[in-house]
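>>> Give the three-dimensional model of this entry:
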Amino acid sequence: MPKSIAIIGAGLAGLTLGQRLKPQANVTIFEKSRGLGGRMATRRREECAFDHGAQYFTARSERFRTLVREAMIAGSLAEWPAAVPTLTGPAQLATDGRSGEARYVGAPAMTGLANHMARGLEIQREITITPLISEENGWRLRDQDQRDLGRFDLVISTAPAPQTARLMPQAFSGHAALAEVRLSGCFTLMIGLEIAPQLGFEAARIDDEILSFMAVNSTKPGRPGKPALVVHSRNDWAEANLESDRGAVTEQMLASLENRTGVNFRQAPWIDLHRWRFANVEQAAGEPFLFDPALGLGACGDWCIGNRVEAAFQSASALADLLTTILAEG
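Below you'll find the model as predicted:
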């Protein structure tokens, strides 16, 4: 009888695992949000689209390049931007020092790659998993309302390390590695406009004490609607202000944005702020994945390897290599 596997999280790591394991097992993915893709996320408001998490990614390993090529052919990915200069002041742009490497975004939204990878998978959305319950030769899953979600032979968490640590029993052998992981937060400012600003770039890093990156999101392929800006804070600044008043955080980001662009966006028709508590990998686990064969529990994600979108794919692929061998051996 095929093994039953529960995967917690439908970001890039969870979807990679799901696709790799479904030929050999009964796989169910549980996702706490309505959308897929984790931090490769999109929000739509007032005729504007905001990719308020990851802005773009690169592909350096051959395995990931293969997935990217397939998604490009399917129309789920597109190249953007051509360059990412550094904004040092009003109309002051330093040349992109990392040119020459293709950058990719989801199409028609950042969730494009996740939606492409989700085809054929069983995914249950808007379900938050509570700590795992041990049963003979398996694990019982329940949601936040204590509804029974079933028994599974193997459970893999792709949630951020702190959330994974809370889910796993004390006996899980990966707790020491989980404790080594250090993640930092980020604030994302979303600005919807009637008229596109003339900034001289599609995307730019920002040399600033508060801000780190800015994108004219509406210049990305497949983003119809009104002009939209996405602005990320620095991670260290976000960490120091995670619990601060949202209005104060918004005002400080707008003030810094005006200082760097020379434009006051405070009267924009639409302004919102999103807080990412776990946005950046400051210190990785130092292992490609975690797996406890005695318990049938594992974990993977970008936090195992480093702070790149591709790291989530690489971590899940490495764990999938192991699990496909284990499943083949019965």
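
>>> and residue 189, what is it in contact with?
229-233, 250, 253-254, 257, 271-273 (Cβ atoms under 8 Å, 6 or more residues apart in numbering). Yep, even glycine has a C-beta here, placed from its N, CA and C like the rest.

>>> Among those, which one is most surrounded by other residues?
residue 233 (28 neighbours; other Cβ atoms under 10 Å).

>>> Name the residues linked to that residue by a beta bridge.
Bridge pairing for residue 233 (DSSP bridges) gives the partners residue 211.

>>> Tell me the spacing between it and residue 55.
Using Cβ to Cβ, to the nearest Å, we find residue 233 at a distance of 13 Å from residue 55.

>>> and if you look at residue 125?
Distance from residue 125 to residue 55, by Cβ to Cβ: 24 Å.

>>> quick one, which of the two is more surrounded?
Each of residue 125 and residue 55 has its neighbours counted (other Cβ under 10 Å); residue 55 has more, 23 against 13.

>>> Next one: that one, what pLDDT does it get?
pLDDT for residue 55: 97.

>>> The stretch 151-300 of the chain: helices as residue ranges?
Secondary structure of the stretch 151-300 of the chain, counting by DSSP state H, counting those that start in this stretch: helices at 161-167, 175-180, 235-241, 246-261.

>>> With respect to residue 148, which of those lies nearest?
Closest to residue 148 of the helices of the stretch 151-300 of the chain, according to Cβ to Cβ: helix 161-167, at 16.5 Å.

>>> other SSEs contacting the closest one?
strand 154-157, helix 175-180 (3 or more Cβ pairs under 8 Å, 6 or more residues apart in numbering; DSSP states H and E).

>>> give me every residue that touches residue 17.
Residue 17 touches 7, 27, 156, 158, 300, 316, 319-320, 323, counting by Cβ under 8 Å, 6+ apart.

>>> same question, residue 152
Contact analysis of residue 152 by Cβ under 8 Å, 6+ apart lists 4-6, 28, 138-139, 141.

>>> Excluding chain neighbours, what is closest to it?
residue 6 (4.1 Å; Cβ to Cβ, 6 or more residues apart in numbering).

>>> That neighbour: what secondary structure?
When classified by DSSP: H, G, I helix; E, B strand; the rest coil, residue 6 comes out as strand.

>>> hang on, residue 182 packs against residue 286?
No - using Cβ atoms under 8 Å as the test, residue 182 is too far from residue 286 to be in contact (11.5 Å).

>>> How far off centre is stretch 207-222?
17 Å (Cα atoms, centre = their mean, to the nearest Å).

>>> What is the worst-scoring helix or strand of the chain on mean pLDDT packed up against?
Within the chain, no helix or strand scores below strand 43-45, which has a mean of 88 by mean pLDDT, DSSP states H and E. Counting contacts by 3+ Cβ pairs under 8 Å, 6+ apart, strand 43-45 packs against strand 48-50, strand 182-192, strand 270-283.

>>> So for stretch 20-40, what gets flagged as buried?
Along stretch 20-40, these residues count as buried under the neighbour rule (16 or more other Cβ atoms under 10 Å): 20-22, 25, 27-32, 35-40.

>>> sorry, that was for stretch 287-300
Quick answer for stretch 287-300 (16+ other Cβ under 10 Å): 287-292, 295-300.

>>> which residues touch residue 138?
By Cβ under 8 Å, 6+ apart, the neighbours of residue 138 are 4, 151-153, 296.

>>> how does it look with 7 Å?
151-153 (Cβ atoms under 7 Å, 6 or more residues apart in numbering).

>>> nearest to residue 13, of those?
The shortest gap between residue 13 and any of the contacts of residue 138 belongs to residue 152, at 17.6 Å (Cβ to Cβ).

>>> Listing request: residues of the chain with sub-threshold pLDDT.
For the chain, the stretches flagged by pLDDT under 70 are 1.

>>> which residue is nearest the centroid of it?
Closest to where the C-alpha atoms of the chain average out (Cα atoms, centre = their mean) is residue 39, at 2.4 Å.

>>> With adjacent residues omitted, what lies nearest to that residue?
residue 53 (3.7 Å).

>>> So what sits opposite residue 94 in the bridge?
Bridge pairing for residue 94 - DSSP bridges - gives residue 86.

>>> Might you report the residue contacts of it?
Counting by Cβ under 7 Å, 6+ apart, residue 94 has contacts 85-86, 88.

>>> who wins for neighbours among those residues?
residue 85 (19 neighbours).

>>> Pretty sure that residue sits against residue 204.
Yes - with contact taken as Cβ atoms under 7 Å, residue 85 and residue 204 are classed as touching, separated by 5.3 Å.

>>> who touches both of the two?
residue 93.

>>> quick one: residue 320 and residue 231, what's the gap?
Distance from residue 320 to residue 231, by Cβ to Cβ: 36 Å.

>>> Spell out which residues make up each domain of the chain.
Using automatic domain parsing, the domain parsing of the chain gives 1-36+118-181+284-330, 39-109+182-283.

>>> Span of the longest one from start to end?
Using Cα to Cα, to the nearest Å, the gap from the first to the last residue of domain 39-109+182-283 comes to 18 Å.

>>> What is the neighbour count of the residue found closest to residue 46 once you drop the neighbours it is linked to in the chain?
Of all residues beyond its chain neighbours, the one nearest residue 46 is residue 270 (4.6 Å), with distances taken as Cβ to Cβ, 6+ apart. Residue 270 has 16 neighbouring residues, counting by other Cβ under 10 Å.
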